[in-house]
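Q: Please work out how this folds:
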Amino acid sequence: MPFHLPPLARRIAAAQVATNLFGGVYLAYYAVWLKSRGFSSEAIGFMFASANILRVFTSPVAGIISDASDDRRSVVFILASASLIAWLCAGASDVLFLTAAFAVLGVILHAGIGPVIESVTIRQARLHGFEYGRVRLIGSLSFVVATFFSGVFVQAFGVGAILPMFFGVLALTIGAAFVLPGAIAAGSQKRALTTAMASTLREAGVLISRPIFLLFLAAVSFAQASHAFYYGFFTLSLEAQGYRGEAIGALWGLGVLAEVVLFYFARHTVERVGAVNLLLIGVTGGALRWALTAFSPPAPIFILIQLMHAFSFGAVHLGAMYFIVHTVPVRLASTAQSLYAITAFGLFTGFGGIISGFLFARVGELGYLAMAGFSLAGIGLTLWLREAWDGAPLLAEEDVPPPSALGAIEIKQETSPSSPEARKIDQI
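A: Predicted structure coming up:
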C-alpha cells in the first residue's frame with residue numbers, strides 16, 4: 001500500500017511531530033525529573049493529577065477560541081510560547097512549591113495544543129481527501145523517537161538532560177504553529193470574536209445536552225484514564241525492576257509502534273469494524289493489558305504486553321476520533337475534541353493519577369489492577385453506547401441557534417446527514 005502525503009498533510013504532520021515529541025519526553029521522564037528535584041511518589045502523582053484536572057480550563061478555552069476565530073495557528077503559537085516560558089521558570093526555581101507550580105502550568109498550557117491540532121488533522125483530511133491515520137502515525141513515530149532518544153540522553157548525561165529536551169521540543173512546537181493551515185470552515189470570514197464565541201458556546205451547550213455524547217465521553221474517559229498509572233509511574237517502576245536508559249525508552253516506544261501499525265490501516269479498520277466496536281475492542285484489550293502488567297511479567301512476555309498499546313490507547317483514540325467526526329458539525333470540531341480531552345485526559349485521568357500516586361507508594365506494580373477496573377467500567381459503558389446510538393449525527397441544523405441570529409457565517413455542509421456518505425468513512 002503506497003504511503004504518500006500531499007503538501008497540506010505534510011504541513012499538518014509537522015505539527016503532529018512537534019506536539020508528540022513533547023509527549024514522548026513528558027511521559028517517559030517527567031516523573032524522573034520531578035523525583036530528581038526532591039518530590040515524593042505521592043507528590044508526583046498529585047502533580048500529574050493536578051495538571052490533568054486543570055486542563056479542564058485550558059483545553060475548552062483553546063478549543064472554543066479556535067472554533068470561534070477559525071484561527072488555530074495563533075492559538076497554538078500562544079499556548080506553546082507560554083508553556084516554554086513556564087518551563088523556563090520551573091527550571092530556574094530552587095523553591096519546590098514554585099517549581100511544582102510552574103511545571104504544572106507548563107503542562108496544562110501545552111495540553112490545549114493537542115486537541116486543536118487533532119481537529120485540524122481530521123477535518124482537513126475529510127475535506128481534502130487524505131487519510132487521518134497516515135498523518136497521525138507520523139506523530140506517533142515521533143513519540144517513539146522522543147522516548148528512545150530521551151532515554152539515550154539521560155543515560156549519557158544524567159537527569160540534567162531532561163529540562164533542555166523540554167525546551168527544545170517546545171521551541172519546535174512554536175515553529176510548527178506557523179505551518180498549520182488556515183481556516184477549516186468553508187467560506188470563513190473575520191467576525192467579532194465575542195459574537196463568534198457566543199455562538200460556539202451555545203452550540204456546545206446543545207452538544208453536551210445530548211445523552212449519547214455524554215455516554216460516549218464517559219466510555220472513552222474510563223478507557224483512557226486506565227493509563228493513569230502507566231503514564232505516571234511506568235518509568236519509575238521499570239527502574240525499580242532494573243531496566244535502564246535505552247531499554248526504558250525502547251519499551252515506551254514499542255507500544256507506540258504497535259499503535260502506528262493500527263493508524264496506518266485506520267480507514268480500512270474503521271470501515272470494517274465501526275467506531276464504537278473499535279472502542280470496545282480497545283477497552284477490552286486495556287483490561288487484559290493492565291491485569292497482566294500488574295504481576296511484573298518476564299521481559300519476553302512484557303514485550304508482547306506492550307504491543308497491546310495498539311488496543312488500549314490506539315483503538316480507543318481512533319474510535320473516538322471517528323465517532324466525533326461523524327456526529328459533530330465541522331464548526332464545533334475543536335470544541336468537541338477539547339471536551340473529549342478534558343474528560344478523558346483531564347478529569348478522569350487526573351482522578352486516576354491521584355489514586356496511582358498512593359498505590360505506587362504502597363503496592364507498586366499491583367496498582368495496575370485498579371487500572372484494569374477502570375477498563376472494565378469502560379467496557380460496560382461502551383456496550384451501552386453501542387446499543388443506544390443509531391449511527392446518526394447528534395446535531396441537526398434545527399437543533400442549534402441560526403448562525404445569522406448571532407452574526408455568524410454560513411458554513412457549507414460536508415454531507416447531508418441522510419446521505420450514504422454520512423454513514424461511512426470518507427478517505428480520512
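Q: For the helix or strand where Ala247 lies, name the packing helices and strands.
A: Element membership for Ala247, per DSSP states H and E: helix 245-264. Helix 245-264 is packed against helix 7-36, helix 132-157, helix 228-240, helix 299-306, helix 309, with contacts defined by 3 or more Cβ pairs under 8 Å, 6 or more residues apart in numbering; DSSP states H and E. Quick note: C-beta positions are derived from backbone N, CA and C, even for glycine.
Q: C-alpha coordinates for the strand or helix carrying Thr335, PDB please?
A: Per DSSP H and E: Thr335 is located in helix 333-340. Taking C-alpha atoms only, helix 333-340 is exported to PDB below (Å, rounded to 0.1, in the frame of the first residue of the first chain):
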ATOM      1  CA  ALA A 333     -14.600  20.400  15.700                       C
ATOM      2  CA  SER A 334     -12.100  21.800  18.200                       C
ATOM      3  CA  THR A 335     -14.700  22.200  20.800                       C
ATOM      4  CA  ALA A 336     -15.700  18.500  20.600                       C
ATOM      5  CA  GLN A 337     -12.100  17.500  20.600                       C
ATOM      6  CA  SER A 338     -11.500  19.600  23.700                       C
ATOM      7  CA  LEU A 339     -14.500  18.100  25.500                       C
ATOM      8  CA  TYR A 340     -13.000  14.700  24.800                       C
END
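Q: Mean confidence (pLDDT) on it, please.
A: The average pLDDT within helix 333-340 is 79.
Q: what do you get for stretch 242-255?
A: pLDDT averaged over stretch 242-255 gives 83.
Q: Check which element follows the strand or helix carrying His268 along the chain.
A: For His268, the element it lies in under DSSP H and E is helix 266-273. Downstream of helix 266-273, the next assigned helix or strand under DSSP H and E is helix 275-293.
Q: before we move on, back to that, could you list the buried residues of the helix holding Thr335?
A: The neighbour-count check on helix 333-340 (16 or more other Cβ atoms under 10 Å) flags 333-340 as buried.
Q: Give me the contact list for it.
A: 59-60, 62-64, 66-67, 72, 112, 115-116, 118-119, 122-123, 184, 200, 203-204, 207-208, 217, 220, 320, 324-325, 328 (Cβ atoms under 8 Å, 6 or more residues apart in numbering).
Q: Quick one: name whatever helix or strand follows that helix.
A: Scanning onward from helix 333-340 (DSSP H and E), the first element met is helix 349-363.
Q: then that next one to PDB, C-alphas only?
A: Extracted in PDB, the C-alpha atoms of helix 349-363 (Å, rounded to 0.1, in the frame of the first residue of the first chain):
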ATOM      1  CA  THR A 349      -7.100  10.700  34.200                       C
ATOM      2  CA  GLY A 350      -6.500  13.300  36.900                       C
ATOM      3  CA  PHE A 351      -8.500  11.300  39.400                       C
ATOM      4  CA  GLY A 352      -6.700   8.100  38.200                       C
ATOM      5  CA  GLY A 353      -3.400  10.000  38.800                       C
ATOM      6  CA  ILE A 354      -4.200  10.800  42.400                       C
ATOM      7  CA  ILE A 355      -5.100   7.100  43.000                       C
ATOM      8  CA  SER A 356      -1.900   6.000  41.200                       C
ATOM      9  CA  GLY A 357       0.400   8.000  43.400                       C
ATOM     10  CA  PHE A 358      -0.900   6.400  46.600                       C
ATOM     11  CA  LEU A 359      -1.000   2.900  45.000                       C
ATOM     12  CA  PHE A 360       2.600   3.100  43.700                       C
ATOM     13  CA  ALA A 361       3.900   4.200  47.000                       C
ATOM     14  CA  ARG A 362       2.200   1.300  48.800                       C
ATOM     15  CA  VAL A 363       1.700  -1.700  46.400                       C
END
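Q: Packing partners of the very next helix or strand once past it?
A: Downstream of helix 349-363, the next assigned helix or strand under DSSP H and E is helix 368-388. For helix 368-388, the packing partners by 3+ Cβ pairs under 8 Å, 6+ apart come out as helix 211-225, helix 228-240, helix 275-293, helix 349-363.
Q: still on that earlier bit, report all helices and strands that the helix holding His268 contacts.
A: When contacts are defined as 3+ Cβ pairs under 8 Å, 6+ apart, helix 266-273 packs onto helix 132-157, helix 275-293, helix 316-325.
Q: can you put the ones you listed in CSV and add mean pLDDT, distance to Leu383 and mean neighbour count?
A: As requested, those are exported to CSV (pLDDT from 0 to 100; distance: least, Cβ to Cβ, whole Å; neighbours: other Cβ atoms under 10 Å):
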stretch, mean pLDDT, distance to Leu383, mean neighbour count
helix 132-157, 87, 25, 22
helix 275-293, 96, 7, 23
helix 316-325, 91, 14, 26
